[in-house]
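Undergrad: here's a sequence, model it:
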Amino acid sequence: MPRPPNSEWSHPTSGNIPHRELDKAVGEYWAKRSIPLRPDRRDQFMRYNLGAGDKAPLFPSPPWFNMDIEPGENIQETVDLRESLGSMNDAELVMISHYLEHLPYLDAHHFLVRVKEKMQNKAAIVIVGPDCEKANAMYQAGDPAMTPELWHAVHKHGEIPATGSCGDVHAWNCNTKKVLSLLSSAGYSDAKEISFTLLGKAGIPVVNPSSWQTVCVARR
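TA: Reported below is the predicted structural model:
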């Protein structure tokens, strides 16, 4: 039997309710639960940004601990996340932005399982990535923001190298449904899609709020 939704977290996802009303309603949940460093552990990192890349400078350290396969500005640990989660442990909040789609789909599942093992109970995970269904809708509607070049970049393309950086290669056509499915199959609870507005209200850096993306959240 599927787990009943937590009424405190759940919110309407369809109907005639304006999007801003949804933001306000769910924003109250996050506002009360912004995740600070615990007073007794201010010397330890508890927010992890996995696959941070060149966006790491936007995630100040502390409280963020930025990890990537390549060294760079504000990268605290260099590690191939496909092989190891390095020193990550006891995380209260995990950010994974535009990384999952670079892993084969089954590998993405196993990766999320490994991440979950390094999180505190009830900790939050945030996944940002492309949504090919949204990109398709924008392209078909003639939205000038969705150029042919961007449409191709968003979708599956290229071959994933066995070692080293995955670069810009996408292993599968990512969308909201698939990300939520990955979270559920990996054992997370309360998986939902939220807006970038709500992400910002939660005190999490918003790198690029383009509408062809998805933001999915869940709890351990």
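
Undergrad: tally of neighbours for residue 62?
TA: 13 (other C-beta atoms under 10 Å). For glycine as for every other residue, the C-beta is placed from the backbone atoms N, C-alpha and C.

Undergrad: mind checking pLDDT for it?
TA: Model confidence at residue 62, given as pLDDT, is 85.

Undergrad: checking my notes, it in a helix, right?
TA: No. Checked against DSSP: H, G, I helix; E, B strand; the rest coil, residue 62 lies outside a helix; its state is coil.

Undergrad: which residues does the residue nearest to residue 188 when sequence neighbours are not counted form beta bridges with?
TA: Leaving aside its chain neighbours, residue 188 sits nearest to residue 218 (3.8 Å; criterion: C-beta to C-beta, 6 or more residues apart in numbering). Note on residue 218: beta-bridge partners residue 125, judged by DSSP bridges.

Undergrad: which residue is nearest the centroid of the chain?
TA: residue 127 (1.2 Å; C-alpha atoms, centre = their mean).

Undergrad: looking at it, that one is touching residue 108, isn't it?
TA: No. The pair formed by residue 127 and residue 108 falls short of the contact definition of C-beta atoms under 8 Å, at 9.8 Å.

Undergrad: joint contacts of the two?
TA: Residues within reach of residue 127 and of residue 108 at once, by C-beta atoms under 8 Å, 6 or more residues apart in numbering, are residue 100.

Undergrad: check the secondary structure at residue 177 for me.
TA: Going by three-state DSSP: residue 177 is helix.

Undergrad: give me the neighbour count for it.
TA: There are 13 residues near residue 177, going by other C-beta under 10 Å.

Undergrad: quick check: closest non-adjacent residue to it.
TA: Residue 177 sits nearest to residue 133 (C-beta to C-beta, 6+ apart), 7.9 Å away.

Undergrad: done for today, thanks.
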